[in-house]
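In: below is the structure, and that's it, no one-letter string:
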């Protein structure tokens with residue numbers, strides 16, 4: 001037996017702490033165990049890895065430095081492999097594909113994503129824009145976005161809240177200086193930024209959100225956002241996403257009265273029946 005993962009861990013611990021006793025405390029073993037492990041490694045390799053002088057901290061030899069650098073490259077990979085194997089044995093999937101609409105990317109939602117990565121660091125996460133889906137047969141495990149009022153076979157669904165819409169524009173946009181209460185005819189006179197029809201933005205939803213005859217359409221929500229901030233037009237925008245921009249005075253909330261039509265849009269979560277442990281955990285977080 002020459003180089004093992006355990007021996008490399010001991011080597012790295014001593015090199016980083018500059019002390020056999022400190023390395024022993026980190027590893028949860030005795031000082032003697034650390035000394036014997038390093039000595040055995042040196043004996044088997046026929047190399048001196050540490051310079052040892054009474055009363056001085058151990059330092060790496062030239063050969064020890066090369067081994068240390070290689071250990072730093074190898075150890076994280078092996079530890080990750082061990083973590084992956086452990087998670088798989090517990091039913092934790094190796095990856096998750098989450099279709100999320102940009103409208104739903106609130107601060108709270110992103111905190112739950114952060115919790116997912118912290119709780120299941122070995123799970124590879126892939127996020128796709130829900131608007132780009134062609135159907136429920138696309139490759140995704142979880143969907144979070146505006147409701148489509150249909151649940152396909154093999155999937156579960158639950159309402160998790162509502163989007164609140166606001167009509168916003170930049171401070172220098174003509175609507176920002178409009179006096180008094182805004183009427184529908186006021187909006188009709190100015191360009192409006194709208195998403196193209198997509199998986200979530202059905203034709204009837206898009207029409208319900210249209211308040212102007214002058215429509216500028218875009219495939220991406222991020223294109224809408226950048227054009228909105230540039231003053232190209234006004235937009236019907238999710239309240240939780242425009243709030244920080246309004247507070248930073250980059251946008252103006254026109255406080256438009258949506259009337260009986262209301263300004264709320266249901267949000268739902270869809271998930272496959274056969275999720276692994278991490279996916280089920282994440283769905284539970286979204287449903288809280």
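Out: That came through, no problem. Nothing here was measured: the structure is a model prediction, and the numbers come from that model.

In: so which residues of this structure form strands?
Out: Residue ranges of the strands in the chain, as given by DSSP state E, are 50-51, 59-60, 95-100, 124-129, 142-146, 155-169, 192-195, 215-218, 234-238, 252-253, 264-272.

In: got TSV for these, with distance to residue 208 too?
Out: Any C-beta I mention is one placed from the backbone N, CA and C, and that applies to glycine too. Output for the strands of the chain, formatted as TSV (distance: least, C-beta to C-beta, whole Å):
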stretch	distance to residue 208
strand 50-51	72
strand 59-60	69
strand 95-100	22
strand 124-129	21
strand 142-146	12
strand 155-169	10
strand 192-195	11
strand 215-218	13
strand 234-238	9
strand 252-253	20
strand 264-272	9
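
In: most distant residue from the centre of this structure?
Out: residue 54 (51.1 Å; C-alpha atoms, centre = their mean).

In: which residues touch that residue?
Out: Contacts of residue 54 were listed using C-beta atoms under 8 Å, 6 or more residues apart in numbering, and none were found.

In: so for it, what's the pLDDT?
Out: Here, the pLDDT recorded for residue 54 equals 81.

In: ok, the one 5 residues further on next?
Out: Confidence at residue 59, expressed as pLDDT, is 92.

In: from residue 33, how far off is the residue farthest from the centre of the chain?
Out: Shown here: residue 54 relative to residue 33, a distance of 21 Å by C-beta to C-beta, to the nearest Å.

In: what angle do the helix-or-strand element of the chain with minimal mean pLDDT and strand 124-129 make?
Out: For the chain, counting by mean pLDDT, DSSP states H and E, helix 62-89 ranks last in confidence among helices and strands (a mean of 82). Angle of helix 62-89 versus strand 124-129, following axes from the mean of the first three to the mean of the last three C-alpha atoms, to 10 degrees, is 60 degrees.

In: what is helix 62-89 packed up against?
Out: helix 5-17 (3 or more C-beta pairs under 8 Å, 6 or more residues apart in numbering; DSSP states H and E).

In: quick one: distance of the helix it packs on to the chain centre.
Out: Centroid separation for helix 5-17 versus its chain: 33 Å, with C-alpha atoms, centre = their mean, to the nearest Å.

In: show me which residues of that helix are buried.
Out: 7, 8, 9, 10, 11, 12, 13, 14, 15, 17 (16 or more other C-beta atoms under 10 Å).

In: ok and it relative to helix 62-89, angle-wise?
Out: Using the same axes, to 10 degrees: helix 5-17 against helix 62-89 is 120 degrees.

In: any idea of the mean pLDDT for stretch 161-177?
Out: The model assigns stretch 161-177 a mean pLDDT of 93.

In: please apply the same query to stretch 230-238.
Out: Regarding stretch 230-238, the rounded mean pLDDT is 96.

In: now do the end-to-end distance for it.
Out: 18 Å (C-alpha to C-alpha, to the nearest Å).

In: run through who's touching that stretch.
Out: Contacts with stretch 230-238, where a contact means C-beta under 8 Å, 6+ apart, come from 103, 163-170, 172-173, 175, 187, 190-194, 209, 211-212, 214, 216, 224, 227-228, 251, 254.
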